[in-house]
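>>> Just a sequence and a predicted model for now, questions to come.
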Amino acid sequence: MEKERFNNLIKEKLGNINLIVVSNREPIAHEYVGKKIKAVKSIGGLTIALEPIMRNLHGTWIAYGGGSADKVVSDGNGKIKLPEGEESYTLKRIFLTKNDLNEYYYGYANSVLWPLCHTVYVKPVFNSNQFLSYNEVNKKFADSIIEEIKESNNANGDNGAAVLENVVWLQDYHLARCAKYLKEYDENIKTSIFWHIPWPNPEIFSVCPEKMKLLEGLLANDLIGFQIIYHCQNFLRACEWELEAQVNWADYSVTYKGHKTKVMPFPISVDANYLNHLAKSEDVDKIIDNIQKNDEIIEPSYEFLAVSVDRLDYTKGIIEKLTAIDRLLENHPELQGKFVFVQFGVLSRVHIDAYKKFNDDISGLINNINWKYRTSDWYPIVRYFKQLDLEVYLAYYRLCNVMIVSPLHDGMNLVSKEYIMSDTDYNGMLILSRFAGASKEMYDALLVNPFDTECFAKKIYNGLFMSREEKERRISKMQNIIMENDIYDWAYNFLTALYLI
């Protein structure tokens with residue numbers, strides 16, 4: 001959907017609502033850089049999709065304020081008008097203590113819900129005290145939403161204007177209990193949540209000690225969105241198993257304690273037109289030219305280049321990917337000295353023991369593989385664990401022969417879609433895990449089971465030597481699919497579905 005059409009539709013169809021978006025991560029953080037304060041915009045797809053909506057509807061975005069200068073630039077209620085110079089929507093920050101972060105975020109959200117939902121054989125660390133903190137932080141978010149609703153209702157009433165319908169859109173697994181407290185305050189608040197990560201099958205979910213409370217919290221929403229239909233089905237089965245709730249499989253809804261919740265798939269996407277145009281821009285062309293003349297990231301020379309961009313997380317299949325590359329070089333010694341793989345990444349959640357160990361395991365495996373094949377002027381694997389500008393990533397996407405996206409389990413994976421929209425030269429091919437939600441749309445990628453090392457290595461080889469005509473045919477088909485359901489379609493479809501409930 002074109003951005004201009006999206007903006008017009010939002011105003012036309014949803015102009016009579018008071019929209020409150022709630023997420024753990026804020027769209028813009030304010031950080032100290034020396035003595036100056038810099039506004040740092042989140043680069044995630046969520047911000048790209050929701051900021052235009054917030055601007056058009058003059059909504060409120062409630063989020064955890066984690067920037068070092070967030071308190072300084074906010075008013076006494078944690079609010080700041082955004083974007084700077086336009087001031088069309090409000091960011092309301094919630095400030096959490098270190099104990100809140102340790103117990104709610106690093107604890108329950110990312111040591112229980114993250115591994116439980118991703119099903120990658122990392123054991124969740126159940127801790128009842130962490131759930132109490134998780135629940136309390138969810139209540140803090142709910143209290144902040146309720147304050148905002150009261151202010152909005154009072155302001156409209158004082159001005160003689162009609163009171164707008166209050167619509168709350170919660171984001172992700174950090175806020176599973178929030179809707180419960182909203183409905184206890186006012187059952188007429190329209191509440192929804194989009195669950196960005198997978199939902200596990202009922203057998204796996206059943207081991208969670210707090211499963212009943214999580215389900216009851218989620219079923220207080222009027223609409224729950226998941227990435228793909230399979231995750232919807234898993235959730236509905238969990239409701240049947242654990243709550244004996246009334247599930248209507250004909251319209252994918254759950255009735256529990258007299259309240260009906262609609263459950264629907266909304267596959268998230270990227271700003272397709274923007275990425276496609278940016279990838280073809282002069283700025284990216286210049287970066288490509290500089291890389292080809294003097295690559296400051298990739299030292300060894302190469303004829304074939306493979307690239308991955310991942311947050312350093314155990315769900316992303318990085319170990320399995322490195323193992324497949326080892327097998328590729330073992331099976332095809334003619335590639336030694338010619339093939340280089342670059343793992344771009346950003347360190348993640350280093351406060352959690354499982355992540356510390358995972359980062360150590362990656363470093364050890366990369367060192368071993370490089371030692372195994374290294375020559376005097378070449379080695380096969382380059383690691384670069386720093387954040388880069390989007391234009392730099394797009395330049396490497398255009399240069400690489402294969403892009404490897406191999407999560408062990410992923411709700412969607414937007415990197416794969418970013419790559420497809422930026423492969424404007426049809427130079428490369430996408431190697432994509434069957435266990436990423438994106439594989440349900442991009443079936444023209446080379447799909448792999450990352451646990452099958454031999455097959456994984458063969459698919460990388462096939463991608464390297466696929467004809468240009470075949471690459472162009474496959475990439476073009478995937479680009480069309482993404483264009484037909486981009487980030488604006490996702491946001492509009494979700495909000496209109498909620499509005500019609």
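It's in.
>>> how about F494, what does it touch?
Applying C-beta atoms under 8 Å, 6 or more residues apart in numbering, one finds that F494 lies in contact with 169, 192, 194, 223, 225, 266. Using the backbone N, CA and C atoms, a C-beta is placed for each residue, glycine as well.
>>> between these, which is nearest N493?
Using C-beta to C-beta, F266 is the member of those that lies nearest N493, at 5.9 Å.
>>> With respect to L91, which of the contacts of F494 is nearest?
W169 (14.8 Å).
>>> Pairing partners for that closest one in the sheet, please.
On the basis of DSSP bridges, W169 takes part in beta bridges with V21, S192.
>>> right, and S406 touches I319 too?
No: taking contact to mean C-beta atoms under 8 Å, the distance of 10.0 Å between S406 and I319 leaves them out of contact.
>>> Tell me which of those two has more neighbours.
S406 (28 against 15; other C-beta atoms under 10 Å).
>>> quick one: contacts for that one?
Shown here is S406, whose contacts under the criterion C-beta under 8 Å, 6+ apart are 308, 316-317, 320-321, 324, 431-433, 448, 450, 456.
>>> Neighbour count, pLDDT and distance to A272 for those residues - can I get that in CSV?
Conversion of those to CSV gives the following (neighbours: other C-beta atoms under 10 Å; pLDDT from 0 to 100; distance: C-beta to C-beta, whole Å):
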residue, neighbour count, pLDDT, distance to A272
S308, 24, 96, 21
K316, 30, 94, 23
G317, 28, 94, 25
E320, 20, 96, 29
K321, 26, 97, 26
A324, 26, 98, 29
I431, 26, 98, 21
L432, 27, 98, 17
S433, 28, 97, 21
V448, 28, 98, 24
P450, 26, 97, 26
F456, 26, 98, 28
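>>> Rebuild those as CSV, extending it with secondary structure.
Putting the contacts of S406 into CSV (DSSP: H, G, I helix; E, B strand; the rest coil) gives the following:
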residue, secondary structure
S308, strand
K316, helix
G317, coil
E320, helix
K321, helix
A324, helix
I431, strand
L432, strand
S433, strand
V448, strand
P450, coil
F456, helix
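>>> Relative to S133, which of the residues you listed is nearest.
Looking at these and their distance to S133, the nearest is K316, at 27.0 Å (C-beta to C-beta).
>>> Is the closest one in contact with L408, as I believe?
Yes: with the criterion set as C-beta under 8 Å, K316 and L408 qualify as a contacting pair; they are 7.4 Å apart.
>>> Show me the shaky parts of the stretch 251-400 of the chain.
Across the stretch 251-400 of the chain, the ranges flagged by pLDDT under 70 are 350.
>>> just the helices in the stretch 201-350 of the chain please.
Remark: helices assigned in the stretch 201-350 of the chain by DSSP state H, counting those that start in this stretch are 202-205, 211-218, 229-238, 272-279, 282-293, 318-331.
>>> I'd like to know which of the ones you listed lies nearest to T47.
Comparison of the helices of the stretch 201-350 of the chain against T47 by C-beta to C-beta identifies helix 272-279 as nearest, at 12.8 Å.
>>> So for the closest one, what gets flagged as buried?
Of the residues in helix 272-279, those buried under the neighbour-count criterion (16 or more other C-beta atoms under 10 Å) are 272, 275-276, 278-279.
>>> Using CSV, lay out these together with distance to S363.
Listed next are the buried residues of helix 272-279 as CSV, based on distance: C-beta to C-beta, whole Å:
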residue, distance to S363
A272, 35
L275, 31
N276, 35
L278, 32
A279, 31
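>>> What are the buried residues along the helix or strand hosting N368?
For N368, the element it lies in under DSSP states H and E is helix 353-373. The neighbour-count check on helix 353-373 (16+ other C-beta under 10 Å) flags 354-355, 358-359, 362, 365-366, 369-370, 373 as buried.
>>> For the residues you listed, give me a markdown table that also has distance to V415.
As requested, the buried residues of helix 353-373 are arranged in a markdown table below (distance: C-beta to C-beta, whole Å):
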| residue | distance to V415 |
| --- | --- |
| A354 | 22 |
| Y355 | 19 |
| F358 | 18 |
| N359 | 19 |
| I362 | 17 |
| L365 | 21 |
| I366 | 20 |
| I369 | 22 |
| N370 | 24 |
| Y373 | 26 |
